[in-house]
Structure formats: structure tokens, C-alpha cells
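> Show me the folded form of this:
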Amino acid sequence: MSRKSRRRHKAAKKGVKAEMSSKTLTWRVHPFASKGPKSVIAIAAVLGMGGLGYWAFVDLGMEMGVLFGAGTSVVLFVALHKFFLPTTYVLSKDSIEVKRLFRSITADWERFRSFNNDDAGVLLSPYDSPTRKAMFRSLFLMFDDSRKEEILDYLRRRLRDVRGQATAL
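Okay, the predicted model is just below:
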């Protein structure tokens, strides 16, 4: 492949990527796979709670100890399912979709008016300014570390468009 054709290919690829990012942005986050030391601690916590459940109820019989040990492990795993299982985020022109193994959430853009970001992700809020109610009515999107700026740019553009449409009505 010649240098000129590589440049054309690269420019075409960038053009397609820019066109796609204005329409739909998709990324997947799996904290368990990407954070090694925290993953070891989480597994140790789940197994430790299972062992503690077994130890606490083994006096009632071996079967009861195993049952309670497995039960406490399952309860802790379900409580930490957002850490253990992958999440896919899809930001499209019409809506925001959060896909998880057990359930999916779809929200319209008109619902959100502002966002606050930190190192882990972005909190989409239905209020213009921070309030105490925002925690219960907001949606948190975790960042893919390699695409953090791209996600923030998309949100800035999209929320600006939503505000403009709301004032036009």
C-alpha cells in the first residue's frame, strides 16, 4: 500500500468515525476484568463472607452451614453485580441505553439537563443545578478510560442540542 493510499484510507476512516460519533456512541465497561487488585479484593470478600456464613451456621448441621455460606456468597455477588458483570452503554440520537445482563435501562435525552463528571464516569442529572434529589433521579455512565474525552464531547454536544430544542418549543 502506497503512502498516498494509506493517507486516503486513514482520512476516510476518520471521516466515518466522526460521522458515527455524531449519531451513535457505544462502549463497554467491565471493571472486574480491568481492575486487577480490586478484583482480587472483591473475590476475597465474596469467599470470605461465604466462609463466615458457613462458620456461623455449621453448629446447626453441616448442610445448614453450607446452605448459609453459599447464600451469603450469592447475596454479596448480586449486590456487587455491577462490578463483576460487563455493562454496555449506547448513546444514540434518540435515547440513552444501558445494557446489563439482568436488565436494560432506556432513557430519553429530554429527561436530562446537566451532567457532572469525575474520574470514574459521568452523572446525567434532570436538574440544572445540583440538588439532593439528583442522586435518585439521575443516571450514572461509567467511562471507558481510552474514550473519556470522546464521551464527554458527545454529551456536551447532545445536551446542548436538547436544551436548544426545549427552548424552541
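
> residues near E63, how many?
10 (other C-beta atoms under 10 Å). Backbone N, C-alpha and C define where each C-beta goes, glycine included.

> so where do the strands sit in this structure?
25-29, 87-91, 95-99, 104-108, 114-117, 121-125, 139-142 (DSSP state E).

> which parts of the second one are buried?
What it means is strand 87-91. By neighbour count on 16 or more other C-beta atoms under 10 Å, the buried set for strand 87-91 is 87, 89-91.

> So for this protein, the centremost residue is which one?
Nearest to the geometric centre of the chain sits M142, at 3.8 Å (C-alpha atoms, centre = their mean).

> Could you pull up the contacting residues of that one?
By C-beta atoms under 8 Å, 6 or more residues apart in numbering, the residues touching M142 are 29, 31, 87, 89, 120-121.

> Same list (those) but as TSV, adding pLDDT and distance to F68.
Shown next, in TSV, are the contacts of M142 (pLDDT from 0 to 100; distance: C-beta to C-beta, whole Å):
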residue	pLDDT	distance to F68
V29	93	33
P31	89	28
T87	94	30
Y89	95	37
A120	87	34
G121	90	35
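
> now, among these, which is nearest to R157?
Closest to R157 out of the contacts of M142 is Y89 (16.2 Å), distances taken as C-beta to C-beta.

> what separates that closest one from R28, distance-wise?
In this view, Y89 and R28 are 8 Å apart by C-beta to C-beta, to the nearest Å.

> what is in contact with the two at once?
Counting by C-beta under 8 Å, 6+ apart, no residue touches both Y89 and R28.

> ok, back up a step: so for M62, which of the strands of the chain sits nearest?
Closest among the strands of the chain, using C-beta to C-beta: strand 87-91, at 38.3 Å.

> for that closest one, packing partners?
Judged by 3 or more C-beta pairs under 8 Å, 6 or more residues apart in numbering; DSSP states H and E, strand 87-91 is in contact with strand 25-29, strand 95-99, strand 139-142, helix 148-168.

> again, 6 Å this time
With contacts defined as 3 or more C-beta pairs under 6 Å, 6 or more residues apart in numbering; DSSP states H and E, strand 87-91 has these neighbours: strand 25-29, strand 95-99.
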